[in-house]
Every structure is written in C-alpha cells, then in structure tokens.
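[1] this one's sequence-less:
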C-alpha cells in the first residue's frame with residue numbers, strides 16, 4: 001500500500017500561500033494591469049463616430065497589438081503609440097468603462113465614458129416624407145427618407161399601413177384579441193431588414209404594397225427598429241386606392 005505523502009513542517013506555510021494564490025482571479029483592477037495604465041480619456045463624452053484619445057502607458061505602437069472596447073462593443077483604432085491610442089465611439093455603445101487589451105493583457109478605465117444617444121429621424125418636410133406612385137386599385141409603391149440613422153444599429157425597417165387608424169403600429173394586431181374593436185386596424189407591414197453603414201445617409205427606401213382594397217383610404221408611415229428593441233416612426237400620409245374597373 002502506498003504511504004501518504006508528507007512534507008516537512010517548514011514547507012507548510014509556503015504551501016498554504018500557493019493554494020490561496022491559485023484561487024485568485026486574473027481580472028485587473030480598473031486603471032492598471034501588468035504594466036498597462038489608463039491615465040486620461042479625452043473627451044469624456046461623445047457621439048457615435050467621434051474620435052476619442054486614450055492616454056496612458058504600456059500600449060503598443062503596432063495597431064494590431066491593441067484592442068479597444070466600449071463596454072462590450074469593439075471599437076475601431078485610428079492610431080497607436082506607447083502612450084496614446086486614438087479610437088472612435090462605436091455604434092451601439094452605452095455609457096461604459098473603456099477596456100484596452102495589449103498582447104493579452106487588459107485594463108479598464110476608472111472613469112465611465114458618456115455616450116450621447118441619438119434617435120433615428122425621418123424626413124418630415126413636404127411630400128417627400130412618403131412619396132407614392134404606381135397606385136392602382138390594389139397596389140402602391142411608397143418611398144421614405146431616413147435623415148438621421150442614430151446611435152444604434154437598425155435591425156428592421158419598412159412601412160406599416162391601416163385603413164382604420166391614423167397612426168398604425170407594427171404588429172398591432174398581434175397585441176389585440178379578435179373581439180377588440182381595433183383588431184382590423186392593422187393591415188400589414190413590410191420588413192426590409194437591417195440598415196448598414198454602407199447604405200449611405202440620408203437613406204431612402206421603398207416598399208411595394210399589394211392586396212389593398214379598391215376605392216379605400218389608407219394611412220401609411222415608415223418605421224425603423226433598433227438593436228435595443230426601440231421602434232421609431234415617420235410622419236403619416238394618406239392615399240386612396242383606385243376604383244376597380
């Protein structure tokens with residue numbers, strides 16, 4: 001039978017220290033981490049796309065060695081030196097600490113960066129708010145312009161319409177019982193997908209709406225839904241389909 005392993009009494013304090021150290025996490029304290037420090041963030045607040053300068057020490061002059069995160073959102077790095085990193089406020093960032101990683105070592109800022117949130121906004125002037133053409137007894141094409149895309153990624157956009165209510169909402173019918181008097185107020189909506197940075201701004205888009213009732217007045221308006229789950233609407237416009245021949 002194998003004898004239990006014993007240690008000299010003089011080694012017991014060292015073993016205890018080793019066991020305690022094994023239980024410690026490697027998450028750095030805000031401000032410093034293994035030779036990396038953040039001493040200042042300039043400015044302390046900004047909009048999506050604004051440049052931000054991070055000063056400190058232990059950074060790398062090689063861009064690829066540095067990673068910047070606003071909270072849990074990765075940021076683009078413009079330039080780098082051993083003492084200064086220049087980045088941009090990324091889309092979908094919230095008020096957060098900034099994280100800098102250099103060759104696997106990570107440090108968090110002690111101060112929070114304040115992100116100015118900008119809501120999407122549609123063109124609200126003149127007839128360009130919702131332009132309609134190719135109108136028939138059952139079809140219309142409608143185009144709208146999003147002037148301001150906002151701070152958060154747009155994950156869905158399109159148009160919503162109704163022949164009863166003056167301010168239709170997306171999925172309105174799904175929130176009502178069949179007995180509700182406004183159940184039929186929601187006629188439908190288009191879903192055109194995300195709006196990417198490559199689409200350009202202002203962003204103009206169109207929907208092709210079919211299966212309308214003849215000789216009926218409809219209200220229509222554009223909408224966008226952001227990554228945060230918020231939905232924003234453009235101004236409402238009305239149109240009447242043609243009589244069926």
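    On my side now, so go ahead. None of the values given here were measured: they were computed from a predicted structure.

[2] rest of the way, CA atoms for contacts and neighbours
    Will do.

[3] And for the closest residue to residue 72 other than its chain neighbours, the neighbour number?
    Leaving out its chain neighbours, the residue that sits closest to residue 72 by CA to CA, 6 or more residues apart in numbering is residue 93, at 7.9 Å. Here the number of neighbours of residue 93 (other CA atoms under 10 Å) works out to 23.

[4] Now do the contacts for residue 93.
    When contacts are counted by CA atoms under 8 Å, 6 or more residues apart in numbering, residue 93 touches 48, 70-73, 115, 151-152.

[5] what would these look like in JSON lines with secondary structure, neighbour count and pLDDT?
    Output for the contacts of residue 93, formatted as JSON lines (DSSP: H, G, I helix; E, B strand; the rest coil; neighbours: other CA atoms under 10 Å; pLDDT from 0 to 100):
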{"residue": "48", "secondary structure": "coil", "neighbour count": "18", "pLDDT": "91"}
{"residue": "70", "secondary structure": "strand", "neighbour count": "24", "pLDDT": "96"}
{"residue": "71", "secondary structure": "coil", "neighbour count": "17", "pLDDT": "94"}
{"residue": "72", "secondary structure": "coil", "neighbour count": "14", "pLDDT": "93"}
{"residue": "73", "secondary structure": "strand", "neighbour count": "16", "pLDDT": "95"}
{"residue": "115", "secondary structure": "strand", "neighbour count": "22", "pLDDT": "95"}
{"residue": "151", "secondary structure": "coil", "neighbour count": "22", "pLDDT": "92"}
{"residue": "152", "secondary structure": "coil", "neighbour count": "22", "pLDDT": "93"}
